[in-house]
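Asker: next input, structure requested:
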Amino acid sequence: MQMVELITRKRDGGTFSTEEITWLIEHYTQGSIPDYQMAALLMAIYLRGMDARETSDLTLAMARSGAQLHVNTQVSPVIDKHSTGGVGDKVTLAVAPLVAACGVAVGKMTGRGLGHTGGTVDKLESVDGFHVELSRDEFMRILQEHQIVLAGQSNELAPADGKLYALRDVTGTIESIPLIASSIMSKKLAVGASHLLLDVKFGSGAFMKTIEQARQLARAMVEIGRAAGLHTVAAITSMEQPLGRAIGNSIELREAIDILRGQGPADVSELCYHEAAELLMMTGKASDETAANQIVAQAIQSGAAVKKLAEIIAAQGGNPGQIEQPELLPTAPVKTMLKSPRGGYIASINAEGIGVASMHLGAGRFKKGDPIDHRTGLILQAKVGDHLATGDPLIEIHARDEQEAHDIQASLLACYQWSENPVQTQSLIHDIIRP
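Answerer: Sure, this is the predicted structure:
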């Protein structure tokens, strides 16, 4: 099989057979296809696209390029959840222990943050001693014993994706629906859950800027799941403003704990409870939405949900006392309140701008491998639609020093637009894509 022939065929709008895609991924993973040829092919795919069958074949080939956990052969049902990322997105931190507390196992491998979108692993590592690098045996043992495991991504799973993503990152081929969908879903298939809920975000703080792009990506991934026998549902949710009020690592973990206690901000709490209920219905734990909501509410009100988070923290070497007493989590040495420069209604908050500001405080990474400061970040005192008077609290800044807290203020204020008239807010959940 000739790589040049595959490149020219896709360049001209042709399609690949299942066998050709399998050959391509096998030989690239083994190192017998050079990066310069794969880069050319990625650009051809970026420009010409792939049909649904090609995208599914690509995903399956990538999933088979390394180890596969097959967790659903030992624990079933077992769910996985994935978010495409955003600012203040602590949903997994709340939904995973909440679903486990409701009696459905959760096997989750999650990533670190890069850029303005925070990573679940970074937030979990705010806890003293918490261990995310687990062997396959450790992953399965913890899942079987506790019905939940929250691990970092393993390089053994879908290594083809790791190589392809690194190449896409430097060749201008990131923004391709077939390539994004296959990247996400190959790792999910390699883990081997029985049910997967995708949270596909759109808006200023998301990777997909429009709802049309988010819906296209969601449909592609749901179709891949269907073809691979993985029950997949996708929620299309808004990231036009930061989710909840906390942006950072330890402060987002504190907010997740509040959500599990029924005391979190309304917007992110509603989203977490909805996604947990959806997973209970998907797995047959609840027969309908009313029953699912009741089970979720009971887990919150009984304290079982926050107890399950403390349990998995302890099981993975962390200090459960920091979950039971969140004030023991790392805190920034400087806290400064940025006040509203004017009166009126908040018309919009640029989520990406807020996320970038938190990066400058040390809460995120500008490039892979950068250290982060788990203590720093932002707590929004008001959201879109709220009315403020001049001088009212706007954002609490958690910084390493007074100078950083001062230097970030102008860029934070630039993220806000104001209105003299009341502003209507929309629901976070815009659509549900089912098989």
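Asker: who are the packing partners of the host helix or strand of A94?
Answerer: Assessed by DSSP states H and E, A94 sits inside helix 91-101. Packing contacts for helix 91-101, counted by 3 or more Cβ pairs under 8 Å, 6 or more residues apart in numbering; DSSP states H and E, involve strand 78-83, strand 105-110, helix 120-124, strand 148-152, helix 250-260, helix 266-282, helix 289-301, helix 304-315. For the C-beta atoms, the positions are set from N, CA and C on the backbone; glycine is no exception.
Asker: most tightly packed of the ones you listed?
Answerer: helix 250-260 (a mean of 27; mean count of other Cβ atoms under 10 Å).
Asker: chain center to it: distance?
Answerer: In terms of Cα atoms, centre = their mean, to the nearest Å, the centre of helix 250-260 is found 16 Å from the chain centre.
Asker: who's in contact with that helix?
Answerer: The contact list for helix 250-260, computed with Cβ atoms under 8 Å, 6 or more residues apart in numbering, reads 88, 90, 93-94, 97-98, 118, 123-124, 126-127, 244-246, 264-265, 268-269, 272, 300, 305-306, 309, 323, 326, 329-331, 374-375, 377-379, 398.
Asker: just the buried ones from the residues you listed, in PyMOL syntax?
Answerer: Command for PyMOL that selects the buried part of those, burial taken from 16 or more other Cβ atoms under 10 Å:
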select buried, resi 88+90+93+94+97+98+118+123+124+126+127+244+245+246+264+265+268+269+272+300+305+306+309+323+326+329+330+374+375+377+378+379+398
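Asker: quick one: A96 from T110, how far?
Answerer: 9 Å (Cβ to Cβ, to the nearest Å).
Asker: so what sits against both of those two?
Answerer: By Cβ under 8 Å, 6+ apart, the residues touching both A96 and T110 are L150.
Asker: and Y345, helix, strand or coil?
Answerer: strand (DSSP: H, G, I helix; E, B strand; the rest coil).
Asker: count of neighbours near the closest residue to H398 other than its chain neighbours?
Answerer: Once flanking residues are discounted, H398 sits nearest to A332: 3.8 Å by Cβ to Cβ, 6 or more residues apart in numbering. Neighbours of A332 under the rule other Cβ atoms under 10 Å: 25.
Asker: kindly report the same for D51.
Answerer: Counted with other Cβ under 10 Å, D51 comes out at 11.
Asker: wait, it sits on G14?
Answerer: No. Assessed by Cβ atoms under 8 Å, D51 is found out of contact with G14, at 10.8 Å.
Asker: look at stretch 154-161 and report the distance between its end residues.
Answerer: Chord length of stretch 154-161, first to last residue, is 12 Å (Cα to Cα, to the nearest Å).
Asker: buried residues in that stretch, which are they?
Answerer: S154, L157, A158, P159, A160, D161.
Asker: report the separation between the residue positioned nearest the centre of the chain and T171.
Answerer: The chain has S83 as the residue nearest its centroid, 3.2 Å off, counting by Cα atoms, centre = their mean. From S83 across to T171, the span is 25 Å (Cβ to Cβ).
Asker: can you check G362 too?
Answerer: 30 Å.
Asker: compare those two (neighbour count), which wins?
Answerer: When G362 and T171 are compared for neighbours, G362 comes out ahead with 22 against 16, by other Cβ under 10 Å.
Asker: can you list the buried residues in the lowest-mean-pLDDT helix or strand in the chain?
Answerer: Using mean pLDDT, DSSP states H and E, helix 159-169 stands out as the lowest-scoring helix or strand of the chain, at a mean of 89. Using 16+ other Cβ under 10 Å as the test for burial, helix 159-169 gives P159, A160, D161, G162, K163, L164, L167, R168.
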